[in-house]
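J.: 3D, please:
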Amino acid sequence: MNRDSVSDGDTRRRPIQTRHIEYASFLRDDGLFEIEGKLVDTTITTGRAIHVMRLSVVFDSTLVIRSVTTIMDAGPFAACAGDNDLFGCLVGERISPGWKQQVSKKIGRSESCTHQVELLFSVATVAYQAIAISPEVDGIDPFERLRQKGEPPHFLDGCRAWQADGDLVKEILPEFFVPRQD
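T.: Numbers count the residues shown, from 1 in each chain. Model prediction:
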């Protein structure tokens, strides 16, 4: 990363740490989905990773969680390792709007590692994308499946690109296009 790429250019900066977060989604042979997430914090002064943690969330096509596994490979304190089974309380829960609040209700702030919970928060976005594009694994156009359902996709009006009155919806999912009311 170019350390000056976001700087205003007028102030000298010295790097402190880097955080790398990565997610990968999988369609398993048993028909379930799995997301693996990894977070690594590295200090610049020592080059040592102070946080290395991974998680795996397995869920079905309706976004109901079947298992959650967490692994803390490195943490700055012995107490960081904590209870790796803590996230098991999410088994049976559905990944849905309000996911962050749902997780926060189930797992108290002082019960877990803040960074593992942060890693878990973004699982919802990755899960929605995995479900949406999974037909491509079998060579099927994922938008065709949405058209066949006949109901607006969950991401409609969820961001600038997918505004119901926008050009992208008009082109790719015209049946859900809603002209602007001026």
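
J.: Can you show me the helices along the chain?
T.: Remark: helices assigned in the chain by DSSP state H are 99-106, 114-121, 123-133, 142-149, 167-172.

J.: by how many degrees do the longest one and helix 99-106 diverge?
T.: What that stands for is helix 123-133. 130 degrees (axes from the mean of the first three to the mean of the last three CA atoms, to 10 degrees).

J.: how big is the angle separating helix 123-133 from helix 142-149?
T.: Using the same axes, to 10 degrees: helix 123-133 against helix 142-149 is 80 degrees.

J.: For the worst-scoring helix or strand of the chain on mean pLDDT, output the C-alpha coordinates as CSV.
T.: When the helices and strands of the chain are compared on mean pLDDT, DSSP states H and E, helix 142-149 comes out lowest with a mean of 77. This file holds the C-alpha atoms of helix 142-149, laid out as CSV (Å, rounded to 0.1, in the frame of the first residue of the first chain):
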residue,chain,number,x,y,z
PRO,A,142,-27.4,-15.5,-10.8
PHE,A,143,-29.7,-12.7,-12.1
GLU,A,144,-31.8,-15.3,-13.9
ARG,A,145,-32.6,-16.9,-10.6
LEU,A,146,-33.7,-13.6,-9.2
ARG,A,147,-35.9,-13.0,-12.3
GLN,A,148,-37.5,-16.4,-11.9
LYS,A,149,-38.3,-15.6,-8.2
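
J.: from the middle of its chain, how far away would that helix be?
T.: With CA atoms, centre = their mean, to the nearest Å as the basis, helix 142-149 stands 23 Å off its chain's centre.
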